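K.L.:
From the sequence below, what's the structure:
(2 chains)
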Amino acid sequence: MKKLALAGLLAVGLTGCSSEEPQVLNLYNWSEYMPQEVLDRFTEETGIQVVYTTYDSNEAMYARLKLLDDSAAYDLAVPSTYYVSKMRQEDLLMPIDRAKIEGFDQLDPDLVNLDIDPDNAYSVPYLWGTTGLAVDSADVDGEVTAWADLWDDRFDGRVMLTNDMREVFHVGLRVLGYSGNSTDPEEIRQAYEKLQELMPSVRTFNSDAPRMPYLEGETDIGMIWNGEAVMGKEVLPTLEYVYPKEGIIAWLDSFVIPKNAKNPDAAHKFISFVLKPEISALISEEIGYATPNLASRDLLDDAVASDRASYPTPEDMANAEFQTDIGDEALQVYAKYWEMLKSGQ
Amino acid sequence: MRNLMQQPFRTAVLVLVWGWLLFLVLAPNLLVVGASVMTRSPGTFISLPLTLDAYRQLFDPLYLEVFLHSLYMAAVTTTVCLLIGYPFAWSLSKVGKQRQVLLIFLLIVPFWTNSLVRTYALKLILATNGLLNSALMSLGWIDEPVQMLYTEGAVVIGLVYLLLPFMILPLYSVFEDLREDLLRASHDLGAGRFSTFIHVIVPMTLPGVLAGIMLVLLPAMGLFFVPDILGGSRNLLVGNVIKNQFLDARNWPFGAAASIMLTLAMAFLMFAHRLSKRRIGEDGV
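P.N.:
Numbering: from 1, shown residues only, chains lettered A, B, ... in the order given. Coordinates of the predicted model:
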């Protein structure tokens, strides 16, 4: 009986709290993708607490939002490129109220109104970046200019690939001259065979922190995200970022508000906060990816703004390709070959 | 009076245990069984009609190969655990009571840290410029770093490290119950040390060996983060396939079917365990 009374008291206490609870924003983001300082300053300015949860793949984020759709666990998420269109088409998102967003017009015109979300009805660009070649020039002689160089015998056992099915096949497809978004089973099969030749050279797959195998001395050459290359170079100065001539893999991460978000107002406020030029600049400097906010470019530290790894020249982006939704049928073909590749067949 | 006091407590315990089993064991497993006989669907992950397609897919040579490779890795892990765990548990049962408590405590302490964190720690030790290589090089035993990380060996080391206590604990409990009088009897009847070991000790500790194998073999096939972190994601285990199917390929029925296959393998081992116990019960004392 005593215990029951205690439980009752507790329940009363809990509900008592929630009525005066400060506002909360549930932010669901990639790991290592938002400086703590930004969250602190947001709370300081608006009084809204930020609950920060992370994921390490679009797939995990998508499955979570799809399943927790009804429980409204998140107010803001950051899907990459084609996941925006996928989630939009599956009716998982709430339209963005442009009237509540300040600073939208400062965004790079090349990065808004894309096919993934015409007129940005459901998304606001956060950061963009590329997946290219990392080369540790201390251990690699001669110039490396292309994805195809990974197949060179001298890199036997020293190659790293990201642990991302689409990205790895993107490389295989581009080396053969196909689109990285191919849905043709025959092209995917050829890419698989090409990648199979590379497998004996591959030391490890890593998408947790792709800079780590280079810093640990395990690998000398391979794939990396540009922000990771920038962060890695601070520790290992000989780590170079190379734009392969077949074309780099480009992506754009955007803020979206899940359909059942509990606190869309706070989500809009947070987007506006990030769009402030000084905040966008701070984020880009801290984590090494490029901000689409043109108004913040002048505020960037010179070393960051002139770093080709973060802010490529138009020539660097010559054959760049954004990933698109390849549809469910092609996805199964990729998945099968991916497992065959991993299991050494 | 006393009985009345105990009644509500008993009811509460029963409700708690049954509630736990129903909601946290039975219900999730039924969901997995349910998912495994559904059709995969791009929009909602699973949908009707019911089908056995996922199970048919399990017989694809690719997945048989993955299963055999997992089984091989798990078998190596289990063998190593047994070779270390058996003498360890034996000597553990021989030392004084107080030291026993201390040693078992030390065995359990690592569980207070998340296994994922411990796996990352192992990575720091095994890396090319990690602790072990630096130590060996400064001792002058090797001139160049040895490649240890991202190999099958590293995966086995990780699995053994995480699973060894699960082998030692059941073995320890059978060694604790090992009857000294039977050993003495064997000695008195003229058996040497070796034949006492083979004919008395081994049969009497067999249930512990089997329990240990059960607790190590199956988890070793499912701990997907160990090959991911220490094997460089190059050694697929059944656990990795299940994870890939749920997340990357979004083929939930197949992922569910693969996980049910693991459960069935576990059930088979438990059945074998029970059989061996019964046999010992009949032959033995």
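K.L.:
Can you give me the pLDDT of the nearest residue to A:N263 once chain neighbours are set aside?
P.N.:
If you skip the residues right next to it in sequence, A:N263 has A:D75 as its closest partner in space, 4.8 Å away by C-beta to C-beta, 6 or more residues apart in numbering or on different chains. Backbone N, C-alpha and C define where each C-beta goes, glycine included. A:D75 carries a pLDDT score of 94 in this model.
K.L.:
and A:D75, how far is that from chain B?
P.N.:
Here the criterion is C-beta to the nearest C-beta, to the nearest Å. By it, A:D75 lies 23 Å from chain B.
K.L.:
now A:I287
P.N.:
Taking C-beta to the nearest C-beta as the criterion, A:I287 is separated from chain B by 21 Å.
K.L.:
And A:L93, by the same measure?
P.N.:
From A:L93 across to chain B, the span is 15 Å (C-beta to the nearest C-beta).
K.L.:
Then A:V235?
P.N.:
Counting by C-beta to the nearest C-beta, the separation of A:V235 from chain B is 12 Å.
K.L.:
Look at the residue of chain A found nearest chain B and say how many residues are nearby.
P.N.:
In chain A, the residue found nearest to chain B is A:T204; the distance is 2.8 Å by C-beta to the nearest C-beta. Neighbourhood size, A:T204 [other C-beta atoms under 10 Å in any protein chain shown]: 24.
K.L.:
Grab the nearest non-local neighbour of it.
P.N.:
In space, A:T204 is closest to B:G232, 2.8 Å off (C-beta to C-beta, 6+ apart).
K.L.:
Helix, strand, or coil at the one you found?
P.N.:
coil (DSSP: H, G, I helix; E, B strand; the rest coil).
K.L.:
okay, now it: neighbour count?
P.N.:
Around B:G232 there are 24 other residues, counting by other C-beta under 10 Å.
K.L.:
got the contact list for it?
P.N.:
When contacts are counted by C-beta atoms under 8 Å, 6 or more residues apart in numbering or on different chains, B:G232 is found next to A:202-206, A:213, B:149-150.
K.L.:
Report the contact partners of A:A261.
P.N.:
Taking C-beta under 8 Å, 6+ apart as the definition of contact, the neighbours of A:A261 are A:26, A:72, A:74-76, A:94, A:267.
K.L.:
meant to ask about A:T324
P.N.:
Taking C-beta under 8 Å, 6+ apart, we find A:T324 in contact with A:81-82, A:85, A:115-116, A:181.
K.L.:
Now the buried members of those residues.
P.N.:
Neighbour-count burial within those applies to A:81-82, A:85, A:116, A:181; the criterion is 16 or more other C-beta atoms under 10 Å in any protein chain shown.
K.L.:
my read: the residue nearest to A:N263 touches A:N29, true?
P.N.:
No - taking contact to mean C-beta atoms under 8 Å, the distance of 11.5 Å between A:D75 and A:N29 leaves them out of contact.
K.L.:
ok, those two, which is more surrounded?
P.N.:
For A:D75 versus A:N29, the count of surrounding residues by other C-beta under 10 Å is larger for A:D75: 26 against 19.
K.L.:
measure the more buried one to A:G247 for me?
P.N.:
Counting by C-beta to C-beta, to the nearest Å, the gap from A:D75 to A:G247 is 36 Å.
K.L.:
would you list every one of the helices in chain B?
P.N.:
With DSSP state H applied, chain B shows helices at B:2-20, B:27-36, B:53-57, B:61-94, B:97-108, B:115-126, B:131-138, B:152-176, B:180-188, B:193-196, B:202-222, B:225-230, B:238-247, B:252-283, listed in chain order.
K.L.:
wait, which of the ones you listed is closest to A:S123?
P.N.:
With respect to A:S123, and counting by C-beta to C-beta, the nearest of the helices of chain B is helix B:238-247 at 22.4 Å.
K.L.:
Report the buried residues of that closest one.
P.N.:
B:238-246.
K.L.:
Taking helix B:61-94 as reference, get the angle to that helix.
P.N.:
Between the axes of helix B:238-247 and helix B:61-94, defined by axes from the mean of the first three to the mean of the last three C-alpha atoms, to 10 degrees, the angle is 130 degrees.
K.L.:
now what about helix B:238-247, what contacts it?
P.N.:
Contacts of helix B:238-247 with the rest of the structure, by C-beta under 8 Å, 6+ apart, involve A:57, A:59-60, A:63, A:335, A:338-339, A:342, B:63, B:66-67, B:70, B:221-224, B:227-228, B:233, B:251-252, B:254-255, B:258-259, B:261-262.
K.L.:
before we move on, the earlier item: against A:P200, how distant is the residue nearest to A:T204?
P.N.:
Taking C-beta to C-beta as the measure, B:G232 falls 13 Å from A:P200.
K.L.:
How many residues are close by A:Y241?
P.N.:
By the criterion of other C-beta under 10 Å, A:Y241 has 25 neighbours.
K.L.:
Repeat that for B:S47.
P.N.:
B:S47 is flanked by 12 other residues according to other C-beta under 10 Å.
K.L.:
and it, bridged to which residues?
P.N.:
Each beta-bridge partner of B:S47 is listed here, defined by DSSP bridges: B:T39.
K.L.:
My understanding was that it contacts B:A35; is that so?
P.N.:
No - counting by C-beta under 8 Å, B:S47 sits too far from B:A35 to count as a contact (10.7 Å).
K.L.:
can you give me the helices in the stretch 1-150 of chain A?
P.N.:
A:2-19, A:36-46, A:58-67, A:81-89 (DSSP state H, counting those that start in this stretch).
K.L.:
how about the residues of the stretch 101-250 of chain A that lie near chain B?
P.N.:
For the stretch 101-250 of chain A, the contact set with chain B under C-beta under 8 Å from any C-beta of the partner chain comprises A:157, A:163, A:165, A:202-206, A:213, A:216-218.
K.L.:
can you point me to the longest strand in chain A?
P.N.:
Assignment by DSSP state E gives strand A:124-136 as the longest strand of chain A.
K.L.:
returning to that earlier point: and the buried ones among the contacts of helix B:238-247, selectable in ChimeraX?
P.N.:
Applying 16+ other C-beta under 10 Å to the contacts of helix B:238-247, the buried members can be selected in ChimeraX as follows:
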select /A:57,59,63,335,338,339,342 /B:63,66,67,70,221,222,223,224,227,228,233,251,252,254,255,258,259,261,262
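K.L.:
got the residues of chain B near chain A?
P.N.:
Taking C-beta under 8 Å from any C-beta, the part of chain B that reaches chain A is made up of B:42-43, B:45, B:62, B:65-66, B:69, B:127-130, B:145, B:147, B:149-150, B:228, B:232-234, B:236, B:240-241, B:244-251.
K.L.:
please redo it, this time with the cut-off set to 6 Å
P.N.:
By the rule C-beta under 6 Å from any C-beta of the partner chain, the part of chain B lying against chain A is B:42, B:62, B:66, B:127-129, B:150, B:232-233, B:236, B:247-249.
K.L.:
So among the residues you listed, where is pLDDT lowest?
P.N.:
Minimum pLDDT across the residues of chain B next to chain A is recorded for B:P42, with 72.
K.L.:
Identify the farthest-apart pair in the residues of chain B next to chain A.
P.N.:
B:P42 and B:N129, at 44.9 Å, using C-beta to C-beta across the residues of chain B next to chain A.
K.L.:
Most proximal residue of chain B with respect to chain A?
P.N.:
Minimum separation of chain B from chain A (C-beta to the nearest C-beta) falls at B:G232, amounting to 2.8 Å.
K.L.:
What separation is there between that residue and A:E216?
P.N.:
Between B:G232 and A:E216 the distance, using C-beta to C-beta, works out to 11 Å.
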